[in-house]
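**Q** for reference, the sequence and a predicted model appear below.
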Amino acid sequence: MRRTLHYDAVVVGAGVAGLTAAARLAESGARVCVLAKGVGSTHLAPGTVDVLGYEPDGSEPPRRVDSPARALPAFVAERTDHPYALLGVDSIRPALEWFAERIEHGPQQGYRYLGEMERNHLLPTAVGAARPSALVPETMAAGDLRGTGPICVVGLHPLRDLWASLCAANIVRLGVEARAVEVGLDVDRPDENALGLARRFEDPGFRRTFADRLAPQLRDDERVALPAVLGVRDPHGVWSELETWLGRPVFEIPTVPPSVPGMRVSDALRAALRAAGGRLVVGAEVGGAERDGERVTALQAHTAGRDTTYAARWVVLATGGFNSGALALGSDWVVRETVLGLPVRGAPAPGARRFVPEYFGEQPMSRVGVAVDPNQRAEGLENVIVAGAALPGAEPWREGSGEGIAITSGHRAAELVRAEEGLGAAV
Amino acid sequence: MAGLSTDVLVIGGGATGAGVAWDAALRGLHVVLADRADLGEGTSGRFHGLLHSGGRYVVKDPLAAEECIAENRILRRIAADCIEDTGGLFVTTPSDDPAYAERFAEGCRATGVDCEEVEPAEVLREEPRLHPGISRAFRVPDANIDAWKTAWALARGAHERSGARVLPYHAAEAIHRRGDQVVGARLRDVRTGDELEVEARVTVNATGAWAGRIAGLAGIEGVRVLPGRGIMIAMNHRLVNTVVNRCQMPTDGDILVPIRTVCVMGTTDVHTDDPDDQTVAEDEVQAMLEDGERLVPGFRRARALRVWTGVRPLFQDTKEGVASTRDVTRAHTLLDHAERDGVGGFVTITGGKLTTFRLMAEETVDAVCRHLGEERPCTTATEPLPGSEDGEHYMLGERLARREDGLLDDQLVCECELVTRRKLEEAMRRRGTSNLDDFRRVLRLGMGPCQGGFCMYRAAGIMHGLDGMSAEQANAALLGFLVERWKGVWPILYGDQLRQARLDDWIFQGVLDVGHLRE
Ligand SMILES: Cc1cc2nc3c(=O)[nH]c(=O)nc-3n(C[C@H](O)[C@H](O)[C@H](O)COP(=O)(O)OP(=O)(O)OC[C@H]3O[C@@H](n4cnc5c(N)ncnc54)[C@H](O)[C@@H]3O)c2cc1C
Ligand SMILES: Cc1cc2nc3c(=O)[nH]c(=O)nc-3n(C[C@H](O)[C@H](O)[C@H](O)COP(=O)(O)OP(=O)(O)OC[C@H]3O[C@@H](n4cnc5c(N)ncnc54)[C@H](O)[C@@H]3O)c2cc1C
């Protein structure tokens, strides 16, 4: 049996782009439902908001950007097909501010993001490379490699996704004093991933024992680097308590997935959506639409056991790119948009190179996305607005621009709908 | 300059060269085995994975078929641990000439290849993914064989039996002659640049497709090996559990081999002038996928993990100028340069198949003994390799069973291939190399569906933690692995494997930002 539900807007995708668009729309009074096949890249990505970290300008490796605010005007002037050119540089700042506020007023008491578009932080990665990022969780900020004090990277035995000795050795190569120590944890199994450890760190007894073991190994002026496992529900509490106990700056380094800081982002945005009366259905795969001329009138979603029709005046398509399955390249080398069968843009012509043999080179297949007009509308459709990694024109893992594009385009998608619907300003 | 002195210097550490080292060691000779790369990094590690029953050759090349079945029986005994007894099938698909089946059955009878006709319905019950339109099917004793494991077992055995020196990453740069006698060679450690002089009573050129070059270094002309390039595509799981051959005259893309956690489709045959040519041509990829569809409908929808190229060492009868290499003889060639060119102390062995490496080694070491003027009988047909003493074949579930036993003892580094930390650390200490690809070959680290996405950072971290490895070395190992992996990935990147690759890009270039370790 097929049910039909009615909404002002249905957002497809529960990554940063979809949740941003949905929460923002709900806050302006729209009746919103998010349909998502699964959680977004949030659960894998480091949780930092990278606006522009590198300028792929032909140099290898690409040149680092110190100030996104300063670099962006020239960047978009040169790349007119880049999402930032489409969105407009001016739309980034309000979107980031909106995002930072949602985290600050979110369910994780006291947890904040720090930073601005004027200056990138420079944070060590798990391998000890320096990664630029505009907005970062407070729990990571003390890791800035331009900050003062030597770094002590702490390895946690059951975690395989951050290797302290290699991380520290590479930080040293960057000209920052660093060393590694290992701390044993009372964990009853040989492997534990970041999420499992984060849950344990939420237990005050567990983290007290940890701090007691670590404290005697630390030297006077050292900052402490830990894998990003300092709690999912109360990261501010866990982190600030460790700083107090250890009497020094403590910071997290993002691990190989799963990503705890990313889950915090997901939780905060979902809470914002819920607080504004929006709905979220995870486990709903959208696979087709009903159309009336150039409008989509309803989406078909498949959930366990039944198909449901979601009628909507607006659709925000925030389904991601290849990695979320929203785009697929066939063995016939044709790229398809898998959710609604929309036209794509930016794919290499048939017979042209799809990829280059240099792993770190610019890959021609990277910039594909759903074809859109300047208002992010999917080509040929009046009421389908595209946001996030589904947009064409970026190579975000080389640029360090993934979350910046996701937040800005999600936010702007909501603004576009709001303007068209004459909805009120967001609260 | 460092120097070594030995009875036999074997240049080339593929199955053949390692087999020569093992054979010579069992006969009590002192051996040095050198390869310019890791053992099995030439054609032996880039082959299809098939321990031939001989079925493929029963009509076209009966002599080759006889050799294969004889060696197949021997290797099942002496290299049991390197072989998985999958069995093999020859099936007549709707794309094949139905008349070939009779000639095939007749050929099997004539050459002694065990063969039993089975009902297509029975075959389809066993292998439900096979083309439902198959009209005839024959069972043969094909199997799969792990070339890297075999090469290392041979080398280890040679070391254990007579202290053979095994020198991967040592390229032969010059072959020394004293008058009409080859007296050794100059090797270079390609990792450090160090030179090593090896003085040898006999030098064996077992460099496969590169044999012409090495013979040239010894001043011997006219050894022409005509490289025939072929691609293979590994799919992310075992679409079949039995080796499946199309029952037709041997041609391109007619065999699907299940091996370890994957199955491998192959292959093509394109003439090339350069044995180092690793081109993966677009049309060959499409041809393989088409051929895959003929055997297993829906093949294109499965995940293609990796593609690689091997070059057949086909010794050419110089009188003929054949364009297609498929028709050049596949049987091996032993050149005793004393007889052929009047140059003593030098033997070339090339051509053949992986399946016949033992036979090739036997004939080679017989020739070596003639050069030495010594009578030493060959025992490789009965002597099991290290690890194969109990005669038990490799089983696919082996690692899982071991893992289940020690679930709480050890960390898992590579989830796809179930490689534990202890195993990896042991191998790292033993090999003393910082090339992560070396561990990929011996442990299958990073060979599964995620192609190292999760385990390679871990492996680099673990390696750095071991005795005194520098960050630069660990970084180079990680970056080297990624660059090497990409070569085998990008030509076949589509479907779900592209999804996976994109996740890997995000991990390495986003989360870890390894690209900027290059600064
Ligand atoms: C491992 C990893 C590391 C990353 N590291 C960084 C980084 O360092 N810096 C950075 O800026 N960015 C990083 N990112 C990228 C960043 O997370 C994404 O670019 C960005 O979040 C895009 O978000 P999105 O909302 O557009 O898409 P996604 O987060 O991919 O979300 C897509 C959503 O669409 C849903 N969906 C797809 N198809 C359907 C369907 N048919 N029906 C219903 N739902 C569907 C999915 O289930 C999912 O919920 C990383 C990403 C990954 C995976
Ligand atoms: C596409 C393809 C598929 C095949 N499939 C099968 C199959 O399924 N079953 C089967 O039985 N056979 C198969 N074969 C044939 C089989 O792989 C080869 O015959 C066999 O591996 C040859 O082994 P080899 O040791 O003689 O040569 P190789 O393995 O090539 O060894 C030669 C070695 O010499 C080294 N070398 C080169 N130059 C130097 C130097 N200057 N100094 C030191 N070392 C040097 C190389 O690095 C190399 O490791 C296949 C061949 C191809 C091309």
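**A** In hand now; what should we look at? Ligands and ions are numbered 1, 2, ... in the order given.

**Q** so for stretch A:325-340, first residue to last residue, what's the gap.
**A** One end of stretch A:325-340 sits 12 Å from the other (C-alpha to C-alpha, to the nearest Å).

**Q** one more: stretch A:11-31?
**A** First-to-last residue span, stretch A:11-31, C-alpha to C-alpha: 11 Å.

**Q** quick one: it near chain B?
**A** No - using C-beta under 8 Å from any C-beta of the partner chain, we find that stretch A:11-31 stays clear of chain B, coming within 12.5 Å at best. Any C-beta I mention is one placed from the backbone N, CA and C, and that applies to glycine too.

**Q** close to ligand 1, is that stretch?
**A** Yes - counting by C-beta under 6 Å from any ligand atom, ligand 1 has neighbours in stretch A:11-31: A:12-18.

**Q** farthest-separated two in the residues you listed?
**A** A:12 and A:16 (14.0 Å; C-beta to C-beta).

**Q** tell me who's in contact with the residue lying closest to residue B:4 once chain neighbours are set aside.
**A** Among residues not flanking residue B:4 along the chain, residue B:198 sits closest, at 4.8 Å (C-beta to C-beta, 6 or more residues apart in numbering or on different chains). Taking C-beta atoms under 8 Å, 6 or more residues apart in numbering or on different chains, we find residue B:198 in contact with B:3-6, B:9, B:32, B:34, B:184-187.

**Q** secondary structure element for the closest residue to residue A:4 other than its chain neighbours?
**A** Excluding the flanking residues, the one nearest residue A:4 by C-beta to C-beta, 6+ apart is residue A:309, at 4.3 Å. Assigned by DSSP states H and E, residue A:309 belongs to strand A:306-317.

**Q** any idea what residue B:314 is bridged to?
**A** residue B:226 (DSSP bridges).

**Q** pretty sure it contacts residue B:351?
**A** Yes - assessed by C-beta atoms under 8 Å, residue B:314 is found in contact with residue B:351 at 6.1 Å.

**Q** quick one: contacts for residue B:6?
**A** Applying C-beta under 8 Å, 6+ apart, we find residue B:6 in contact with B:30-32, B:165, B:198-201.

**Q** any idea how far it is from residue B:432?
**A** For residue B:6, the distance to residue B:432 equals 21 Å [C-beta to C-beta, to the nearest Å].

**Q** low pLDDT regions in chain B?
**A** Scanning chain B with the threshold set as pLDDT under 70 gives B:1, B:317-330.

**Q** what about the longest helix anywhere in it, near ligand 2?
**A** In chain B, ranked by residue count with DSSP state H as the criterion, the top helix is helix B:471-489. No - remark: helix B:471-489 sits outside contact range of ligand 2, by C-beta under 6 Å from any ligand atom, the gap being at least 13.9 Å.

**Q** next structured bit after that helix?
**A** Helix B:471-489 is succeeded, C-terminally, by helix B:495-505 (DSSP H and E).

**Q** what angle sits between that following helix and helix B:471-489?
**A** Here helix B:495-505 points in a direction 160 degrees away from that of helix B:471-489 (axes from the mean of the first three to the mean of the last three C-alpha atoms, to 10 degrees).

**Q** ok, how many other residues are close to whatever residue of chain A ends up closest to chain B?
**A** Residue nearest to chain B within chain A: residue A:163 (2.5 Å; C-beta to the nearest C-beta). For residue A:163, the neighbour count with other C-beta atoms under 10 Å in any protein chain shown is 28.

**Q** tell me the contacts of it?
**A** Applying C-beta under 8 Å, 6+ apart to residue A:163 gives the contacts A:126-127, A:155, B:457-458, B:460-462, B:464-465.

**Q** is any residue of stretch B:433-446 near ligand 2?
**A** No - using C-beta under 6 Å from any ligand atom, stretch B:433-446 never reaches ligand 2; the gap is at least 11.7 Å.

**Q** next one: stretch B:78-96
**A** No - against ligand 2, stretch B:78-96 shows no contacts by C-beta under 6 Å from any ligand atom, the least distance being 11.1 Å.

**Q** which SS state does residue 77 fall under?
**A** By default, I'm working from chain A. The local conformation at residue A:77, judged by DSSP: H, G, I helix; E, B strand; the rest coil, is helix.

**Q** that's the wrong chain, I wanted chain B
**A** Strictly by three-state DSSP, residue B:77 counts as helix.

**Q** from what I see, it and residue B:384 are in contact.
**A** Yes - counting by C-beta under 8 Å, residue B:77 does reach residue B:384; the two are 6.9 Å apart.

**Q** residue B:37 and chain A, how far apart?
**A** Distance of residue B:37 to chain A, given as C-beta to the nearest C-beta, to the nearest Å: 19 Å.

**Q** next, count neighbours for that residue.
**A** Counted by other C-beta under 10 Å, the residues lying close to residue B:37 total 17.

**Q** in which helix or strand does it reside?
**A** Counting by DSSP H and E, residue B:37 is found in no helix or strand.

**Q** residue in chain B nearest to chain A?
**A** Going by C-beta to the nearest C-beta, chain A is nearest to residue B:461 of chain B, at 2.5 Å.

**Q** mind pulling up the pLDDT for the closest residue to that residue other than its chain neighbours?
**A** In this structure, residue B:461 finds its nearest non-sequential neighbour in residue A:163, 2.5 Å apart by C-beta to C-beta, 6+ apart. Predicted confidence (pLDDT) for residue A:163: 95.

**Q** what's the longest helix belonging to chain A packed up against?
**A** When chain A is parsed with DSSP H, its longest helix is helix A:402-421. Applying 3 or more C-beta pairs under 8 Å, 6 or more residues apart in numbering or on different chains; DSSP states H and E, one finds that helix A:402-421 makes contact with helix A:16-27, helix A:83-87, helix A:92-104, strand A:306-317, strand A:384-386.

**Q** would you map out the domains in chain A?
**A** Structural domains assigned to chain A are A:3-101+A:267-421, A:141-253, following automatic domain parsing.

**Q** where does pLDDT dip in chain A?
**A** Within chain A, the segments meeting pLDDT under 70 span A:1-2, A:425-427.

**Q** which residues in it form helices?
**A** Here chain A has its helices, by DSSP H, at A:16-27, A:68-78, A:83-87, A:92-104, A:138-141, A:164-173, A:194-201, A:204-214, A:235-246, A:260-275, A:396-399, A:402-421.

**Q** same list (these) but as TSV, adding distance to ligand 2.
**A** Output for the helices of chain A, formatted as TSV (distance: least, C-beta to the nearest ligand atom, whole Å):
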stretch	distance to ligand 2
helix A:16-27	45
helix A:68-78	46
helix A:83-87	44
helix A:92-104	52
helix A:138-141	47
helix A:164-173	31
helix A:194-201	41
helix A:204-214	49
helix A:235-246	52
helix A:260-275	43
helix A:396-399	34
helix A:402-421	40
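
**Q** what about the strand holding residue A:309, distance to the chain center?
**A** Averaging C-alpha positions (C-alpha atoms, centre = their mean, to the nearest Å) puts strand A:306-317 24 Å from its chain's average.

**Q** in the longest helix of chain B, what counts as buried?
**A** For helix B:471-489, burial by neighbour count (16 or more other C-beta atoms under 10 Å in any protein chain shown) applies to B:471, B:474-479, B:481-482, B:484-489.

**Q** how distant is it from the center of its chain?
**A** 22 Å.

**Q** by contact count, what packs against that helix?
**A** Helix B:471-489 is packed against helix A:164-173, strand B:304-315, helix B:436-443, helix B:455-465, with contacts defined by 3+ C-beta pairs under 8 Å, 6+ apart.

**Q** now do the third one and helix B:455-465, the angle between them.
**A** Angle of helix B:436-443 versus helix B:455-465, following the same axes, to 10 degrees, is 110 degrees.
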